[in-house]
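Participant: Okay, here's the prediction I keep looking at, along with the sequence it came from:
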Amino acid sequence: MSHHFDSAADRADGRINPCDLYVFPGSPGTTAFILTGNVFPLSGNGSGGEGLAWAGLAADPFTADGAALGAFLQAVREGRYDPNIFTISPSNVFAGRDVTAIALQLPDIALGGTSLSVWARISVLDHVPPRQVNRIGQAMFRPLFFNAPDSETEMDALNAGSPALDRDTYGERVHAIAGTIARLAGLPDPDGHAATVAEAFLPDLVTYRPGQPAAFHPGDGNGRALSDNAFDHAVAVLAGSDLGNSSTPPSATEAFPYLSVPQPADLPPLIGGAPTAG
C-alpha cells in the first residue's frame, strides 16, 4: 500500500513515509517481508540464524495511474461516476522512480502460525517509549478513502493508531464512500456493496498464510507479491467492476532480496500537486 507523501507530515519529512508493504514466499520454506520508503541513505545486508536482511535502493515496484484516481474520486465528490477517466490517457506516475527498501527473509517455522496479520509502523525516538508516526498495511487504503485535502488531520490520527481500532473508527467513512460510488454506478445493492468494501479494507492489515502463493486482493487475497497489480485490484473492489489501467509491475528477481535494481532518472519529486497512490 503506497503512501508516497499522502500527508503533510510525510511531505515535510520523507524519513517517516512508508510506501508499500509486501509479504510473499521467498526461497523454499521461507517468507519474504519488504517495506519500501523514501529514506535514501540506507544500505547494507546481513544474516542472523537462518534469516536474511538487506536494505538499499531499488526500483519502485508499485505502479499506479494516480492522476486518473484523483480525477475519479473528485468526480465522485461532485456527484458524478466517470469510469472513462481511467482509459483517457493511462500512465504510471511512479515509472522510473526508486525507493529505499528493507527486505527480510525468515523461515516459515519461525513465524509461529498458519495465518498471519502483517503491518509495519514507523516510530521516532523523541519520546519514551518511541512515538508511532506512521503505519502501513493494505495497499491503497489511504488513497481510496483519505484522498481529500481536508482529511489530513484524520490521516495523521490513522497513522498514529492501531489496526485493532480501524473498523470502529473508519468503518462509517469507508461505508459512506463505497455506498456513494455504488449508487452513482447504479449497482443493485449499494448498502451491501459498501459492507463488502468495508470488510475487505478494514482493518488495515495484510493477511498471509505461509507457504501459500501470494496474491493481493482486498478481503480475500494472500499477502502481496512484488508483481501484484495492487492499484487495479483495489480500485475494482471499491467500484464493483474493473476500472484501473496501471501498467504491470516489474517481475521480482529470483534471488533475495527479489527487488529490481535502481533505475536512475532525472524526475521531479512527487511532492505538492502530485497525486498519491498506494
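Facilitator: Arrived safely, thanks for sending. No experiment lies behind these values; they were computed from the predicted model shown.

Participant: hey, let's count contacts and neighbours off CA atoms from now on
Facilitator: Will do.

Participant: Tell me where the stretch 151-278 of the chain has strands.
Facilitator: For the stretch 151-278 of the chain, the strands defined by DSSP state E, counting those that start in this stretch cover 206-208.

Participant: where do the helices sit along it?
Facilitator: 152-160, 166-185, 190-201, 230-239 (DSSP state H, counting those that start in this stretch).

Participant: tell me the most buried of those?
Facilitator: Most buried of the helices of the stretch 151-278 of the chain by mean neighbour count (mean count of other Cα atoms under 10 Å) is helix 230-239; its value is a mean of 23.

Participant: thinking again about what came up before, right, and the helices of the stretch 151-278 of the chain - which one's nearest residue 106?
Facilitator: Residue 106 lies closest, by Cα to Cα, to one member of those: helix 230-239, at 23.7 Å.

Participant: for the helices of the stretch 151-278 of the chain, which one sits closest to residue 144?
Facilitator: helix 230-239 (7.8 Å).

Participant: quick one, that closest one and helix 190-201 angle?
Facilitator: Calculated by axes from the mean of the first three to the mean of the last three Cα atoms, to 10 degrees, helix 230-239 forms an angle of 150 degrees with helix 190-201.

Participant: which residues touch helix 230-239?
Facilitator: With Cα atoms under 8 Å, 6 or more residues apart in numbering as the test, helix 230-239 has contacts from 1, 62-64, 139-140, 144, 178, 181-182, 185, 197, 216-218, 242-246, 277-278.

Participant: Stretch 29-47 too?
Facilitator: Contacts of stretch 29-47 with the rest of the structure, by Cα under 8 Å, 6+ apart, involve 4, 14-15, 17-26, 52-57, 99-109, 120, 210-211.

Participant: Buried members of those into PyMOL, please.
Facilitator: Restricted to buried positions by 16 or more other Cα atoms under 10 Å, the PyMOL selection for the contacts of stretch 29-47 reads:
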select buried, resi 4+17+18+19+20+21+22+23+24+25+26+52+53+54+55+56+57+99+100+101+102+103+104+105+106+107+108+210
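
Participant: The contacts of stretch 29-47 in strands, which ones?
Facilitator: 18-25, 52-57, 99-107, 120 (DSSP state E).

Participant: okay, and the helix or strand of the protein with the least pLDDT?
Facilitator: In the chain, no helix or strand scores lower on mean pLDDT, DSSP states H and E than helix 8-12, which sits at a mean of 55.

Participant: which stretches of this protein have low pLDDT?
Facilitator: 1-15, 39-43, 148-150, 264, 268-278 (pLDDT under 70).

Participant: residue at max distance from the center of it?
Facilitator: Ranked by distance from the centre of the chain (Cα atoms, centre = their mean), the top residue is residue 49, with 29.9 Å.

Participant: so how far is residue 23 from that one?
Facilitator: Separation of residue 49 from residue 23 (Cα to Cα, to the nearest Å): 20 Å.

Participant: again with residue 177
Facilitator: Separation of residue 177 from residue 23 (Cα to Cα): 28 Å.

Participant: Check residue 74 too.
Facilitator: Per Cα to Cα, residue 74 is found 32 Å from residue 23.

Participant: same question, residue 220
Facilitator: Distance from residue 220 to residue 23, counting by Cα to Cα: 15 Å.

Participant: now swap in residue 138 and tell me
Facilitator: Look at residue 138 and residue 23: by Cα to Cα, they are 11 Å apart.

Participant: Now the common contact residues for those two.
Facilitator: With Cα under 8 Å, 6+ apart, residue 138 and residue 23 have common neighbours residue 206.

Participant: List the residues that contact residue 207.
Facilitator: The contact partners of residue 207, by Cα under 8 Å, 6+ apart, come to 115-118, 221-223.

Participant: With residue 193 instead?
Facilitator: 178-179, 182, 240.

Participant: try 10 Å this time
Facilitator: Applying Cα atoms under 10 Å, 6 or more residues apart in numbering to residue 193 gives the contacts 175, 178-179, 181-183, 187, 199, 237-240.

Participant: and stretch 55-73, which residues are buried?
Facilitator: Neighbour-count burial for stretch 55-73, counted by 16+ other Cα under 10 Å, picks out 55-70, 72-73.

Participant: Start and end of that stretch, how far apart?
Facilitator: End-to-end distance for stretch 55-73: 35 Å, by Cα to Cα.
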